[in-house]
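Student: Fold the following and give me the result.
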Amino acid sequence: RSMHPHLPSRDRFVCICNYMYAPNTLGARHNTPGWRCTTYRFLQVQYEQYATTVMSSSSDPIQSFVDKEWDATVVPTLKEYIKVPNLSPQFDEACLTNGLMEQAAKLLFDWVEAQQVPGLSVRSLQLPGRTPLIFMSCEGTVPEAGTVLLYGHLDKQPPFEGWTAPWAPYDPVMTEDGKLYGRGGADDGYAIFSAITAIRAIKEAKRDHGRCVIVIEACEESGSPDLPFYIEHLQADIGTPDLVVCLDSGCGNYEQLWVTTSLRGIVMGTLEVSITREGVHSGDSSGVIPDTFRIARHLIDRIEDSATGNVLVPECHAEIPDARVEQTALAASILGDKIYTDFPFLPGATAVNPSDLTQLALNRTWRPTLTVTGARGLPDVANAGNVLRPSTQLVLSVRLPPTVDPAVARAAIKKKLEADAPYGATVKFTGNKAGPGWNAPALAPWLEAAAAKGSAAYYQKPPVYYGEGGSIPFMGMLGQKFPSAQFLIIGVLGPAANAHGPNEFLHVPFAKKLTCVVASVLQDHARLTPGDNVGSERAAKRTKVDVTSAEVLTTQYGRDEHGCKI
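Tutor: A predicted model of the protein is given here:
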């Protein structure tokens, strides 16, 4: 009250929580984990009281509508979508001719049309030689408000092995606790349903939103090679968004809103080692001809320390910003040992460095790592004879820190692997998949406040700001194309959801609440003063709940070179 006597209690609460907890605030500058945990526990209690007394979900028309629509139309259609094995182009060479991608796209297109959203137009496009794309545009109820771009994808990863009965990749199963099992439901089939349902909920509640454009692509799992062509093709229809909402990220738990602050980049390639024209009897040749798998191991040791997992290529490393270290430490204090215990370790197995949770979290968000994801030239164990094989091929996946140039990293990796081949073997590192990472710009005060309010209303806990270890190529592309836009990167891939692996599931109760948060943020975006920049001046002129709190914080405390309030 002493800081903000002019604000109503509800607005003042959002302001104070934003100031103390949001990622760019004074609170995040404190390095003592105990202080962070104490602050978080305090805010958690305050959020719970705020949500139950001021924003009771029982009286919230947004949540009531979202819950009803998810149960009535979203989940049934998602089940039909899961049944379609529409693999991304990288995993299905016939994806442009077998009709599966078109089948999945038509299913989603028909659902959108059936919603009959006022002011919404929907198109299904397919440029020659490209995967299909669904593009939607919905005029805002506030004509002078800015544009929001919402993003998702409909292509899927392969089914992988090891699904546990009764779950199967293309046979959807809904459990009593609200988990929908099946390939693609969480990554990322739910996105189009969440975006459209959020807009419908706003309209049903007779509230305002700005202009919304929704892009659902069909090659994200292959690195989004077709998306730049569609963005260029649709440039006039998209316009210049001042807010991008990506619905293809993760969450640390299913108890609160998780906002992604960074994504790692990636370099993928195939290391091929060849030594003979054909396979020969191992009894006759071993000890004379070097084994190609041993040569491959030796080469990989050039780029990774096999004892620690540390990547040895300097071009693959980047300095971690202090603000990201602080955010990661807070997230680690919230998650505790669930950072690693939620993974399906075998009994007795453990994580790389379980004693330091912050460093463990930074390993998966800001440090390079190498994983061997595939092999060729190795027979199945049932067919493995006594033959010294002529060649070995290993698929290497190198995750990169968000700010590393993937082209530079790939060139450095290739040089180390191919130089001075042992025994004169033929060594090649091929493959051109090199996707950039992404480091979020500083959040505008209005968006910090909007995330805080949405998390309070629908999760009864503060939001958490955290990096993700995966990649979304679309983010780097949009960051370059729309440098002044704000980004809200959120998603449903939480503990055990296991996207890309067996037993993938969508946590439906969490997805419902996330849909409500999207609706809440769209409403706050529509309240911004017309004509101002959403990321800077415009945020300082907010109306209603969030404008005054953002103005006070920005003018009273300012920001340092990292975007942190001081």
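
Student: Let me know the pLDDT of residue 299.
Tutor: We have a pLDDT of 98 for residue 299.

Student: where are the low-confidence patches of the stretch 1-150 of the chain?
Tutor: 1-58 (pLDDT under 70).

Student: residue ranges for the helices of it, please.
Tutor: Assigned by DSSP state H, counting those that start in this stretch, the stretch 1-150 of the chain shows helices spanning 9-21, 33-53, 61-69, 75-82, 100-115.

Student: before we move on, what about the stretch 201-350 of the chain?
Tutor: So, for the stretch 201-350 of the chain - with DSSP H, counting those that start in this stretch - the helices run 227-233, 235-238, 282-285, 292-300, 322-335, 338-341.

Student: Of all those helices, which one is nearest residue 76?
Tutor: Proximity to residue 76 (Cβ to Cβ) singles out helix 227-233 among those, at 28.8 Å. For glycine as for every other residue, the C-beta is placed from the backbone atoms N, C-alpha and C.

Student: Tell me which stretches of the stretch 301-450 of the chain form strands.
Tutor: Taking DSSP state E, counting those that start in this stretch as the test, the strands found in the stretch 301-450 of the chain are 369-376, 387-388, 391-400, 426-435, 438-439.

Student: Hmm, residue 242 and residue 488 touching each other?
Tutor: No: in this structure residue 488 lies outside contact range of residue 242 using Cβ atoms under 8 Å: 11.7 Å.

Student: hang on, the earlier thing: how about TSV for the strands of the stretch 301-450 of the chain, with mean neighbour count, mean pLDDT and distance to residue 300 added?
Tutor: TSV is the format used below for these (neighbours: other Cβ atoms under 10 Å; pLDDT from 0 to 100; distance: least, Cβ to Cβ, whole Å):
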stretch	mean neighbour count	mean pLDDT	distance to residue 300
strand 369-376	14	97	7
strand 387-388	17	98	20
strand 391-400	21	98	8
strand 426-435	16	90	11
strand 438-439	24	94	27
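
Student: List just the one of those that sits closest to residue 106.
Tutor: For those, the distance to residue 106 is smallest for strand 426-435, at 28.5 Å, taking Cβ to Cβ.

Student: Need the winner for burial among the helices of the stretch 201-350 of the chain.
Tutor: Highest mean neighbour count of those: helix 322-335, a mean of 21 (counted as mean count of other Cβ atoms under 10 Å).

Student: For it, which helices and strands make contact with it?
Tutor: In terms of contacts (3 or more Cβ pairs under 8 Å, 6 or more residues apart in numbering; DSSP states H and E), helix 322-335 is packed against helix 33-53, strand 258-263, helix 357-363, strand 464-468.

Student: if we can go back for a sec, distance to residue 282 added to the strands of the stretch 301-450 of the chain, as JSON lines?
Tutor: As requested, the strands of the stretch 301-450 of the chain are exported to JSON lines (distance: least, Cβ to Cβ, whole Å):
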{"stretch": "strand 369-376", "distance to residue 282": "18"}
{"stretch": "strand 387-388", "distance to residue 282": "5"}
{"stretch": "strand 391-400", "distance to residue 282": "14"}
{"stretch": "strand 426-435", "distance to residue 282": "20"}
{"stretch": "strand 438-439", "distance to residue 282": "47"}
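
Student: Out of those strands, which gets nearest to residue 118?
Tutor: Between residue 118 and the strands of the stretch 301-450 of the chain, the shortest gap by Cβ to Cβ is with strand 438-439, which sits at 34.1 Å.

Student: Tell me the spacing between residue 259 and residue 462.
Tutor: Residue 259 sits 11 Å away from residue 462, going by Cβ to Cβ, to the nearest Å.

Student: ignore the last one, residue 258
Tutor: Residue 258 sits at a distance of 11 Å from residue 462 (criterion: Cβ to Cβ).

Student: check contacts around the residue most central in space within the chain.
Tutor: For the chain, residue 249 is the residue whose C-alpha lies nearest the centre (Cα atoms, centre = their mean; 2.1 Å). By Cβ atoms under 8 Å, 6 or more residues apart in numbering, the residues touching residue 249 are 258, 260, 263, 468, 470, 472, 489-491, 493.

Student: And residue 139, by the same measure?
Tutor: Contacts for residue 139 were tallied using Cβ under 8 Å, 6+ apart; they are 119, 211.

Student: Report the residue spans of the stretch 401-550 of the chain with pLDDT below the cut-off.
Tutor: Applying pLDDT under 70 to the stretch 401-550 of the chain flags residues 529-550.

Student: cutoff 90 now
Tutor: Scanning the stretch 401-550 of the chain for pLDDT under 90 picks out the ranges 431-435, 471-481, 528-550.

Student: quick one, helices of it?
Tutor: 406-418, 445-459, 473-481, 508-526, 544-557.

Student: Can you tell me which of those helices is packed in deepest?
Tutor: It is helix 445-459: most buried of the helices of the stretch 401-550 of the chain by mean count of other Cβ under 10 Å, with a mean of 27.

Student: Could you name the helices and strands sitting against that one?
Tutor: For helix 445-459, the packing partners by 3+ Cβ pairs under 8 Å, 6+ apart come out as helix 9-21, helix 33-53, strand 486-493, helix 508-526, helix 544-557.

Student: And the fourth one, what does it pack against?
Tutor: Contact analysis of helix 508-526 by 3+ Cβ pairs under 8 Å, 6+ apart lists helix 61-69, strand 147-153, helix 190-204, strand 243-250, helix 445-459, strand 486-493 as its packing neighbours.

Student: With neighbour numbers in mind, choose between residue 258 and residue 462.
Tutor: A side-by-side neighbour count of residue 258 and residue 462, using other Cβ atoms under 10 Å, places residue 258 first with 29 against 25.

Student: Surely that one touches residue 466?
Tutor: Yes: assessed by Cβ under 8 Å, residue 258 is found in contact with residue 466 at 5.9 Å.

Student: quick one: common contacting residues for the two?
Tutor: Counting by Cβ under 8 Å, 6+ apart, the contacts common to residue 258 and residue 466 are residue 252.
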